[in-house]
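Chemist: need a structure here:
(one chain, ligands or ions: 1)
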Amino acid sequence: MDRRRVKESTVMEVGPDGVAIITIINPPVNSLSFDVLHSLKESFDQASQRDDVKAIVVTGAKGKFSGGFDISAFGGHQETKELQKPGFLSVEIITDTIEASRKPTVAAIDGLALGGGLELAMACSARLSTSNAQLGLPELQLGIIPGFGGTQRLPRLVGLSKALEMMLNSKPVKGREAFSLGLVDGVVSPDELLNTARQWTLDILNHRRPWVVSLYRNDKIEPLGEAREILKFARSRAQKEAPNLKHPLVCIDVIEEGIVSGPRAGLWKEAEASEELSHSDTSKSLIHIFFAKRGTSKVPGVTDIGLVPRHVKKVAIIGGGLMGSGIATALILSNYSVILKEVNEQLLDAGVKRIKSNLQNRVNEGEIAEENFEKAVSLLKGSLDYESLKDVDMVIEIGERTKSHDRIVGAHFFSLAHVTPLLEIVRTKQTSPQVIVDLLDISKKIKKTPVVIGNCTGFAVNRMFFPYTQAGLLLVERGADVYQIDEAITKFGMPMGPFRLADLVGFGVAVATGTQFIRNFPERTYKSMLIPLLQEDKRTGEATHKGFYLYDDKRKASVDPELKNFIEKARSISGVSIDPKLVKLQETDIIEMILFPVVNEACRILDEGIAVKADDLDISAVMGMGFPP
Ligand SMILES: CCCCCCCCCCCCC[C@H](O)CC(=O)SCCNC(=O)CCNC(=O)[C@H](O)C(C)(C)COP(=O)(O)OP(=O)(O)OC[C@H]1O[C@@H](n2cnc3c(N)ncnc32)[C@H](O)[C@@H]1OP(=O)(O)O
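Modeler: Numbering: from 1, shown residues only. Reported below is the predicted structural model:
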């Protein structure tokens, strides 16, 4: 076999059958860096020029076609200006070199073909996939749009509605669904993939199979009038679901341009829009979050000293309440054996029932198969004594009585522990790195994003956000409007404002946590009597249908005209007066006055060495409090 090594990013092998196999090699996901794209073009140019090459197969090394364009290139400065020129990558490489190749090309897809990876495959004459491969265009979750022709080729392969769904929701499909959609032309097993692809290219060459140029297909695109209706509906949904984001609308405009003015015009509009969006604040933030999320499990002095996570099989959980049963569910869903310890039969039964109900919900949602429900339940054992815990590998919720403090670590799950994706791993000065490595490994296995944090009041999320409600109370006692504050903060992108949140968590929790912060950070807390006054009126928030808002039986919140009386009373107890400047605040003022103290608290957490890096606090805010990424 003639094995010409182009740069380290692609390899081309030409077999005796005259088929050149071009393999993308860029571990771990064969992302399309500028180097890879450059060498891909070189490989194709060589394959086109060589007389001994009749046809071409493109594939990815180690069972992964490609995870898409190299996201780290956005904001990078290593690429040559030419490669950055709008349209060079998409038109000159993907379209005019690969799609226009005079030799048939087949993409052999295993593992994943995402973003630019799938766009590369769609520019080939045909595509073969394994049944479980993931194929999709997730660019919009990075604040950009497909930029290698995906906005033009995907609608022409799967139809406009399905293409819009896949792009606007960043929703991939498996290989077998891709085949039923017409996105791929065949589904084969991994070990037959390459040989079938070789034969497929030769069949195309010998006119035994069609040679399709997807860019110019129109049989899947609805007539113009119908297409415009579909696009209009997509626009209204995009505006409703994400009013703050413009790139979904740009994506729809680019798709429309190709339908109205032809796919090549669509390619150029896509190239310009894609390049512009790659410099947007939204894209920079979302790409920052993409890498920050994957960076939380890299802890200097812990994960870089060669420690291997120990095998944890059995976990004991003390207490089967809302949190304990949620944690037990998360562990069981990842095949850990769990012993649930309670103080009496009644509480143990209640805990077991909660766990079974959580698991049944997963069955109902199709996340676990019915036949796996009993197997999952069999992983759970109940106990009323500590004796049965003697051979467990980890205990959740025992601490101060243990003498070996090196083995104590906090695992702070967030309510609905089996659903909320964030896990704060709280280490003391005595916690051994091995124990942290063990818990990081468990986090990955139970599909949690871990953040390693030092021990302090509120750890990362709750400490960062204690000023969220405090600032709100301070502003309201000085004349700002509760409902205007919540509206401005929700419009900014938080799931809910400080007052709606206080109603949701309940005043009991709000007062308990507030007391902790007042005790530990007296110099920067606001001691308002507003919530205690509301509690005197038997208001505790949503649960009593009365808090800062009134709630109907469906927990729909509405303004409470009586609230002003409690505010006036709290104001007089605090001895403050209304500040005219605060009565009619601008939205930006509200956002800054509520969130800047949160940012300041994050800076203190970082400055005190409680957090390893600022990125970890960004992830804590996004995944723990729903801060808009
Ligand atoms: C200043 C501007 C310069 C450039 C201007 C150019 C003009 C504009 C041209 C734009 C052309 C656009 C072309 C294209 O349409 C755009 C894209 O393709 S964007 C990328 C699309 N792909 C994705 O969004 C996939 C993202 N990745 C994932 O979803 C997952 O990683 C995965 C692939 C499903 C694998 O998941 P896991 O197995 O869980 O593994 P991890 O997620 O932990 O990832 C492992 C490791 O790989 C890194 N990585 C993953 N994907 C990429 C990627 N696409 N680029 C770079 N790196 C990637 C990830 O960060 C992890 O790294 P580690 O943490 O191990 O260091």
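
Chemist: you'd agree residue 43 is in a helix?
Modeler: Yes: assessed by DSSP: H, G, I helix; E, B strand; the rest coil, residue 43 belongs to a helix.

Chemist: so how far is residue 96 from it?
Modeler: Counting by CB to CB, to the nearest Å, the separation of residue 43 from residue 96 is 15 Å. From N, CA and C alone the C-beta is placed, and that goes for glycine too.

Chemist: Same check on residue 541?
Modeler: Note on residue 541: its distance to residue 96, by CB to CB, is 62 Å.

Chemist: Then residue 599?
Modeler: 48 Å.

Chemist: again with residue 504
Modeler: For residue 504, the distance to residue 96 (CB to CB) stands at 55 Å.

Chemist: do residue 272 as well
Modeler: Look at residue 272 and residue 96: by CB to CB, they are 17 Å apart.

Chemist: Next: residue 113.
Modeler: In terms of CB to CB, residue 113 sits 21 Å off from residue 96.

Chemist: swap in residue 537?
Modeler: 72 Å.

Chemist: out of residue 504 and residue 96, which sits in the busier spot?
Modeler: Neighbours were counted for residue 504 and for residue 96 using other CB atoms under 10 Å; residue 504 has more, 18 against 12.

Chemist: Just to check, that one is in contact with residue 498?
Modeler: No: the pair residue 504 / residue 498 is not scored as a contact, 10.7 Å apart, by CB atoms under 8 Å.

Chemist: residues in the stretch 1-150 of the chain within reach of the ligand, list them.
Modeler: With CB under 6 Å from any ligand atom as the criterion, the stretch 1-150 of the chain meets the ligand at residues 28-29, 31, 67-75, 84, 89, 112, 114-116, 119, 138-139, 142, 146-148, 150.

Chemist: Just the buried ones from these, in ChimeraX syntax?
Modeler: This is the ChimeraX syntax for the buried subset of those, where burial follows 16 or more other CB atoms under 10 Å:
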select :29,31,67,68,69,70,71,73,74,89,112,114,115,116,119,138,139,142,146,147,148,150
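
Chemist: So residue 106 belongs to a strand, correct?
Modeler: Yes: applying three-state DSSP, one finds residue 106 inside a strand.

Chemist: The residue in the stretch 351-500 of the chain that the ligand sits nearest to: what's it in contact with?
Modeler: Proximity of the stretch 351-500 of the chain to the ligand (CB to the nearest ligand atom) peaks at residue 444, 9.0 Å away. By CB atoms under 8 Å, 6 or more residues apart in numbering, residue 444 lies in contact with 297, 450.

Chemist: So which bits of this protein are right by the ligand?
Modeler: Within the chain, the positions adjacent to the ligand are 28-29, 31, 67-75, 84, 89, 112, 114-116, 119, 138-139, 142, 146-148, 150, 274-275, 278, 291, 294 by CB under 6 Å from any ligand atom.

Chemist: Now intersect these with the helices, please.
Modeler: Residues of the residues of the chain next to the ligand located in helices (DSSP state H): 84, 116, 119, 150, 274, 275, 291, 294.

Chemist: Name the nearest residue to the third one, ignoring sequence neighbours.
Modeler: So the one you mean is residue 119. Closest residue to residue 119 apart from its sequence neighbours, by CB to CB, 6 or more residues apart in numbering: residue 148 at 3.5 Å.

Chemist: related to what we said a few turns ago, the residues of the chain next to the ligand in strands, which ones?
Modeler: 112, 114 (DSSP state E).

Chemist: Now do the end-to-end distance for stretch 198-211.
Modeler: Stretch 198-211 has an end-to-end distance of 14 Å (CA to CA, to the nearest Å).

Chemist: who's in contact with that stretch?
Modeler: 15, 17-19, 21, 54-57, 103-106, 125-126, 128, 185-186.
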